[in-house]
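In: sequence and computational prediction follow.
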Amino acid sequence: MDVEAVLLTLRLALLVTAILLLLGTPIAYWLATTRRPWRGLVEAVVALPLVLPPTVLGFYLLLAMGPAGPVGALTRSLGLGLLPFTFGGLLVSSTLYSLPFAVQPLVVAFAAVDRSLVETAWSLGHSSISTFLRVVAPLSLGGFITAVVLTFAHTLGEFGVVLMVGGNIPGVTRTISIAIYDRVQSLDYAGATSLALPLLILSFIVLAVTYTFGRRSLAGWPGRG
Amino acid sequence: MAGAGLSARLERRFGRGPTIEATFELDLAAGHTLGLLGPSGAGKTTILRCLAGLERPDRGSIVADGQVWFDAERGVNLPPQRRRIGYLPQGYALFPHLSVADNVGFGIDGLAGRPKHARIAELIELVGLDGFERRRPRELSGGQQQRVALARALARRPQLLLLDEPLSALDTVAREELRGDLRRLLVRLRLPAIVVSHDRTEVLVLADRVALVDAGRLIQEGPTGDVFARPASTAAARIVGADTVAVGSVVESDAGLATIEVSGHRLTAPSALPVGTRVVVTVRPEDVVLMAPGGSSAGLSTRNRIEGVVAGVEPLGPIVRVRLDCGFELRALITRPAFDELAAQPGDRLLALVKATSLHLIPAGEG
């Protein structure tokens, strides 16, 4: 088993999940509550990775982050060098690629919170942020769990974007799926299985636990309507 | 109005929909309750939401106790957090993930630890829910939920309570019980309140003054008894209904029969309400019999004989609606031939006969 690839993948998935919780929550809350006309536009951008072939997304990210791209120019001027074929580049791309998996469950959960609860909290003197933390977030626990699991699992298994932007550098950008692909290419089926099977089992366990626990946590609030 | 008053002049437009316009004042110092009565969709809730700061009027101003809450011209619009209001939305909006105590304590700021617990306990006791502190809202009946929401709204020591259909989510039994309780509480706290309702009885019991809302406009405003007795327009009459409505109090109670004093008249009705209860008396116009004051009513079983002066006569095809001023306005529907026999003119005296069982009493607390 390629321990290096496993650890790298776990690190990537954990970081992406953490970043997306911080980044996705305000985006999702805005989408769930706004009535602005450009809401649809933002939603489309967020959902794009769902329909776009990963290679297409990876290709444009590679161009943007490259020496001639705008992101590349920015990271260079900040003294960060270029992102392609680095762990940082992988992190940025994976975050974008998994964005809808974090945002969409959160939007659904936030939108399901009765508006009058929010308004009542305001009338009781709570700021919008306090209202979010004390009313909306606790009532959206199920959405947060779904977002975390989907983001984590999706990042674990991604391939196309990682290959385009990160390449295959052991210890830097070689994730489990790249390592599996590598072994299959060299007809090392036993080696591929040693990585693929744990991933399959892990994914199943995580999902099974989530759906069991997630459903119960949702059933805890029958009076939310 | 200067000082301790609420003065609102607001206009809210909805795209192609109706325009809501309302101008009214409420004396906050007196602790009176203003009822906004009208059919569903008349704009009552919108008016309340504008006062709460949850909706922004397109024009006008709202001033409470000298503090400008909203002024379209000066661009002032205080957020709900900075208006000292206790807002009770329809359906109560209790926080489902919090216990009764945490719901009640949600709006308390500046207190923590023991003083906060003491304040929560005081509020829970005020609404009679001692022992329910740890329950979740879903474990409460509708009436109990309403009490929690009320305690929560009172926790911030608001200068004005805004109640949106406070009783309409309840079943009949709970509604009748809570109506009286709510009135007693409002009177006891001397807390000014605005109650939105489509239910006449609710407004009769809860409100000292009433504003009738029709198609987005306030069409009549005044003391509740006056407005119900003398609707100024057809639209107002439709909202207050055709029944006679009078406010009185129980002065005697004996063997299931109560004597109620209303505007100097003593009326009898079957009721076990205790002496001192304030009641709203309603009579359906078809249950009133009219006769000339000289005629003999000996031998009739009718318990209530009320003398009054004909204030108005309104022909409705084969039926005539007669309005009798008896200190309150008594409305009767009689047939045209019967009316012709009476030969009554406005200003004439007539006797109205009402069976005791035709008087409907609604207890309205001790206020």
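Out: Now that the structure is in, tell me what you want to look at.

In: and whichever residue of chain A sits closest to chain B, how many residues sit next to it?
Out: Residue of chain A nearest chain B, by CB to the nearest CB: residue A:124 (3.2 Å). Backbone N, C-alpha and C define where each C-beta goes, glycine included. Close neighbours of residue A:124, defined as other CB atoms under 10 Å in any protein chain shown, add up to 26.

In: likewise for residue B:114?
Out: 8.

In: surely the residue of chain A closest to chain B touches residue B:106?
Out: Yes: using CB atoms under 8 Å, residue A:124 is in contact with residue B:106, at 5.4 Å.

In: Three-state assignment for residue B:248, please.
Out: Secondary structure, DSSP: H, G, I helix; E, B strand; the rest coil: residue B:248 is strand.

In: for it, name its beta-bridge partners.
Out: Following DSSP bridges, residue B:248 is listed with bridge partners residue B:279.

In: any idea how far residue A:73 is from residue B:142?
Out: For residue A:73, the distance to residue B:142 (CB to CB, to the nearest Å) stands at 63 Å.

In: repeat for residue A:99
Out: Residue A:99 is 43 Å from residue B:142, by CB to CB.

In: which one's more surrounded, those two?
Out: Between residue A:99 and residue B:142, residue A:99 has the larger neighbour count (other CB under 10 Å), namely 23 against 16.

In: contact partners for that one?
Out: A:20, A:23-24, A:46, A:49 (CB atoms under 8 Å, 6 or more residues apart in numbering or on different chains).

In: generate a PyMOL selection restricted to the buried entries among those residues.
Out: Here is the PyMOL command that picks out the buried ones among the contacts of residue A:99, judged by 16 or more other CB atoms under 10 Å in any protein chain shown:
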select buried, chain A and resi 20+24+46+49
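
In: so where is the chain shaky, pLDDT-wise?
Out: Looking at chain A here, since you left the chain open. A:1, A:214-225 (pLDDT under 70).

In: wrong chain, I was asking about chain B
Out: Short version for chain B, where the test is pLDDT under 70: B:1-3, B:365-367.

In: now the helices: where do they sit in it?
Out: All helices of chain B, identified by DSSP state H, fall at B:44-52, B:100-105, B:113-126, B:142-154, B:172-189, B:200-206, B:224-229, B:234-240, B:336-342.

In: ok, which of these comes nearest residue B:93?
Out: Judged by CB to CB, the one of the helices of chain B that comes nearest to residue B:93 is helix B:142-154, at 7.1 Å.

In: pull the CA atoms of that closest one into PDB?
Out: What follows is helix B:142-154 as a C-alpha-only set of coordinates in PDB (Å, rounded to 0.1, in the frame of the first residue of the first chain):
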ATOM      1  CA  GLY B 142     -50.800  24.800  21.100                       C
ATOM      2  CA  GLY B 143     -51.900  26.800  24.000                       C
ATOM      3  CA  GLN B 144     -48.700  26.100  25.900                       C
ATOM      4  CA  GLN B 145     -46.700  27.100  22.900                       C
ATOM      5  CA  GLN B 146     -48.500  30.400  22.700                       C
ATOM      6  CA  ARG B 147     -47.700  31.100  26.400                       C
ATOM      7  CA  VAL B 148     -44.000  30.300  25.800                       C
ATOM      8  CA  ALA B 149     -44.000  32.700  22.800                       C
ATOM      9  CA  LEU B 150     -45.600  35.300  24.900                       C
ATOM     10  CA  ALA B 151     -43.200  35.000  27.700                       C
ATOM     11  CA  ARG B 152     -40.300  35.100  25.300                       C
ATOM     12  CA  ALA B 153     -41.700  38.300  23.700                       C
ATOM     13  CA  LEU B 154     -42.000  39.900  27.200                       C
END
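
In: quick one: contacts of it?
Out: Residues from elsewhere that reach helix B:142-154, judged by CB under 8 Å, 6+ apart: A:124, B:86-88, B:92-94, B:100, B:103-104, B:106-107, B:123-124, B:126-129, B:132, B:137, B:140, B:161, B:166-167, B:169-171, B:174, B:177-178, B:182, B:185, B:189, B:191.

In: what's the burial count for residue A:45?
Out: The number of residues packed near residue A:45 is 13, by other CB under 10 Å.

In: one more: the one 10 residues further on?
Out: Counted with other CB under 10 Å, residues neighbouring residue A:55 total 14.

In: what of residue B:92?
Out: Residue B:92: 23 neighbours (other CB under 10 Å).

In: correct me, but it touches residue B:170?
Out: No: using CB under 8 Å, residue B:92 makes no contact with residue B:170, being 10.3 Å away.

In: between residue A:124 and residue B:106, which contacts overlap?
Out: Shared contacts of residue A:124 and residue B:106 (CB under 8 Å, 6+ apart): B:152, B:155.

In: can you give me the distance of residue B:194 to residue B:161?
Out: Using CB to CB, which is the criterion applied here, residue B:194 is 7 Å from residue B:161.

In: do residue B:108 as well
Out: Residue B:108 is 16 Å from residue B:161, by CB to CB.

In: and residue A:38, by the same measure?
Out: From residue A:38 to residue B:161 the distance is 39 Å (CB to CB).

In: neighbour count winner among those two?
Out: A count of neighbours by other CB under 10 Å puts residue B:161 above the other of residue A:38 and residue B:161, at 22 against 8.

In: residues from chain B in reach of chain A?
Out: Neighbours of chain A within chain B, by CB under 8 Å from any CB of the partner chain: B:52-54, B:79-81, B:83, B:85-87, B:89-91, B:93-97, B:106-107, B:109, B:136-138, B:152-153, B:155-156.

In: of these, just the buried ones, PyMOL syntax please.
Out: Applying 16+ other CB under 10 Å to those, the buried members can be selected in PyMOL as follows:
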select buried, chain B and resi 52+53+54+80+81+83+85+86+87+89+91+93+94+95+96+97+106+107+136+137+152+153+155+156
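
In: how near is residue B:279 to residue A:27?
Out: The spacing between residue B:279 and residue A:27, counted by CB to CB, is 58 Å.

In: hmm, residue A:179 is touching residue A:195, no?
Out: Yes: assessed by CB under 8 Å, residue A:179 is found in contact with residue A:195 at 5.8 Å.

In: tell me the bridge partners for the closest residue in space to residue B:357 that isn't next to it in sequence.
Out: Spatial nearest neighbour of residue B:357, chain neighbours left out: residue B:270 (6.2 Å); criterion: CB to CB, 6 or more residues apart in numbering or on different chains. For residue B:270, the beta-bridge partners are residue B:257 (DSSP bridges).
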